[in-house]
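S.K.: Sequence first, predicted coordinates after that:
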Amino acid sequence: MKKIDSYEFGKMVIDGEEYTKDLIVYGDTIIENWRREKGHVLISDDLQPLWDLFGNKHFAFDALVLGMGRDGILKLSPDWKEWVKFDLWVHQIDFLPTQDAVELYNKRLENGEKVAGAFHLTC
């Protein structure tokens, strides 16, 4: 599992490697340049790259931590509670400003949890 070394506006460092585009992290996998269909509105399909890692495994990880941008500009679509995939794949979902999301992601890793993270690195 990859711990996040640091985060600042527009930049994240993981295992000494710098990333400047939004990304998804799970285990040793980093999906770079994570794009969202509606920009600053998160919809279920935006997390498809993460779902693709797991096939149809129920509860593939314990927690999903979403970094919603430094200032929390990334918003959830109005129907986010209807996202069936969340009920099938994860026990806990946290939506936080990215700095707080990074801290929680690392804490969950340290606690031995299987955690995935999707991080918006700017606004």
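M.R.: Structure's in. What do you need?

S.K.: Let me see the ranges of the strands in this structure.
M.R.: Assigned by DSSP state E, the strands in the chain fall at 4-8, 11-14, 17-19, 23-26, 29-31, 41-42, 61-68, 75-76, 90-96, 115-120.

S.K.: So which of these is the most surrounded?
M.R.: strand 115-120 (a mean of 25; mean count of other C-beta atoms under 10 Å). Where C-beta positions appear, they are placed from N, C-alpha and C, glycine not excepted.

S.K.: counting contacts, what elements does it pack onto?
M.R.: In terms of contacts (3 or more C-beta pairs under 8 Å, 6 or more residues apart in numbering; DSSP states H and E), strand 115-120 is packed against strand 23-26, strand 61-68, helix 98-110.

S.K.: Out of the ones you listed, the one nearest Lys75 is which?
M.R.: For Lys75, the closest of these is strand 61-68, at 7.5 Å, according to C-beta to C-beta.

S.K.: and the angle for that closest one with strand 4-8?
M.R.: Orientation note: strand 61-68 sits at an angle of 20 degrees relative to strand 4-8 (axes from the mean of the first three to the mean of the last three C-alpha atoms, to 10 degrees).

S.K.: Check the offset of strand 61-68 from the chain's centre.
M.R.: From the chain centre to the centre of strand 61-68 is a distance of 5 Å (C-alpha atoms, centre = their mean, to the nearest Å).

S.K.: partners of that strand, with directions?
M.R.: With DSSP bridges as the test, strand 61-68 is paired with strand 90-96 (parallel), strand 115-120 (parallel).

S.K.: Quickly, which of the ones you listed bottoms out on average pLDDT?
M.R.: Note on the strands paired with strand 61-68: strand 90-96 shows the lowest mean pLDDT, a mean of 85.
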